[in-house]
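**Student:** Generate coordinates for the sequence data below:
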Amino acid sequence: MKCDSLSLKKYIDKSPKVFFIYGEEIVLQNYAKDLINDFFKKNGFDEKKIITKKDFPNINKILLENAGGSLFGSKLIIEIIHEGGKVPKEIIDIFDLSKSEDLIIIIRSAIKKVTQNAAWVKKIDRSAMIVECNKLKSFEEKIWLKNQLSFVSNNDIKKYVEIISDLFQGNLVAQQNEVNLLKLTYKENEQIKTNLVLDGGEFSPYDLEDKIIEFNTSGALRILKSIHRNDDRNAQLLVWIIGKVVNTSVIAMQNPDIRKGLENAGIWSSKIPSYKNFIKVNSMKKIIPLQKKVYELDLASKGLAGKTKDQFWQDLDNVVIELTAA
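**Tutor:** Now for the predicted structure:
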């Protein structure tokens, strides 16, 4: 069974509980993954396990051990990260296993294209949902962008769609970055802005990205403390910036050509050397778990995680320390 990422919503509840996500558009891959996670979380799948390359020899054993859900009786989502190259036999063999009602399997592959007549593709097609995340045509891009801007008023949405799509045509990562910033700063009928830089007092929140990828722990913590003291309304933006570093690193690690992966992620050429060094020192095993911590920080910044402000800022410090520990 196949569908494109933008059509996934129509078929998600009609498909087997195994999803194979691939394609050259990483933003759409992330969209598909988040859509699947959110849909099944509402249906009781409230725990998640991530499998990376080092665990591939034991995939079948891991799946069989978790076929009845987690040790605590919870339904489980297992996400398998395939970083590129030929899809290994261990992953293809998954599709011979009987499916469990307590298990959702998401396979995220960095491969860009597949040969539809290949035997392994036909095998997946028979027992899973193949989600294609290809580059969008210009009119599809604008439709996608409009959907991302659902929080913008009807009076403003057309002008934001036009200016963002004109500035970043063909680059969904940059468009998504603009949307994420706009969510934090948008006010109806305000003069249009792009590439917003907010002055948080002594520092701009955007200085934090540079300090993290340069492994400058003291400099990064100094920025957090300064912004906390001068304007803690920028808390959500700080979380977004940390999330950008984490997610960009994952995107680049999944690309055989790290520089190309960083370019595709919308990183400026002047920052690519620092990002490459940051990625070289880190690993998928270290970075992937931080995605969950960033998600929890995002909830906390919105008052949805039951944490005090002091706990939130301490957790923010802890994540930055972990990221900058070379």
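**Student:** Checking my notes, Leu224 in a helix, right?
**Tutor:** Yes - using DSSP: H, G, I helix; E, B strand; the rest coil, the assignment for Leu224 is a helix.
**Student:** For it, give me its contacts.
**Tutor:** Leu224 makes contact with 208, 238, 313, 316-317, 320, according to CB atoms under 8 Å, 6 or more residues apart in numbering. All C-beta atoms are positioned from the backbone trio N, CA, C, and that covers glycine.
**Student:** can you do 10 Å?
**Tutor:** Going by CB atoms under 10 Å, 6 or more residues apart in numbering, Leu224 touches 203, 205, 208, 211, 235, 238, 242, 313, 316-317, 320.
**Student:** could you point out which element follows the lowest-mean-pLDDT helix or strand in the chain?
**Tutor:** Least confident helix or strand of the chain, by mean pLDDT, DSSP states H and E, is helix 172-185 with a mean of 78. Next along the chain after helix 172-185, taking DSSP states H and E as the criterion, comes helix 207-213.
**Student:** who's in contact with that following helix?
**Tutor:** Contact with helix 207-213 is made by 197, 200, 203, 216-224, 226-227, 237-238, 241-242, 244-246, 248-249, 267, 271, 273-279, 281, 319-320, 323-324, as judged by CB under 10 Å, 6+ apart.
**Student:** would you put the C-alpha positions of that helix in CSV?
**Tutor:** Below are the C-alpha coordinates for helix 207-213, written out as CSV (Å, rounded to 0.1, in the frame of the first residue of the first chain):
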residue,chain,number,x,y,z
ASP,A,207,23.6,33.4,19.7
LEU,A,208,22.7,30.2,21.6
GLU,A,209,23.0,28.1,18.4
ASP,A,210,26.6,29.1,17.8
LYS,A,211,27.7,28.5,21.3
ILE,A,212,26.1,25.0,21.3
ILE,A,213,27.7,23.8,18.0
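**Student:** follow-up on the earlier one: of the contacts of Leu224, which is the most crowded?
**Tutor:** Comparing those by number of neighbours (other CB atoms under 10 Å), Leu208 comes first, having 26 neighbours.
**Student:** returning to what we had before: any idea how far the least confident helix or strand of the chain is from the middle of the chain?
**Tutor:** Relative to its chain's centre, helix 172-185 lies at 13 Å (CA atoms, centre = their mean, to the nearest Å).
**Student:** Mind giving me the packing neighbours of it?
**Tutor:** helix 26-41, helix 138-148, helix 154-167, helix 235-253, helix 258-264 (3 or more CB pairs under 10 Å, 6 or more residues apart in numbering; DSSP states H and E).
**Student:** Need the winner for burial among these.
**Tutor:** helix 235-253 (a mean of 22; mean count of other CB atoms under 10 Å).
**Student:** tilt between it and helix 26-41?
**Tutor:** Per axes from the mean of the first three to the mean of the last three CA atoms, to 10 degrees, the angle that helix 235-253 makes with helix 26-41 is 110 degrees.
**Student:** Packing partners of helix 235-253?
**Tutor:** Against helix 235-253 (3+ CB pairs under 10 Å, 6+ apart) you get helix 26-41, helix 172-185, helix 207-213, helix 217-230, helix 258-264, helix 272-281, helix 284-301, helix 309-323.
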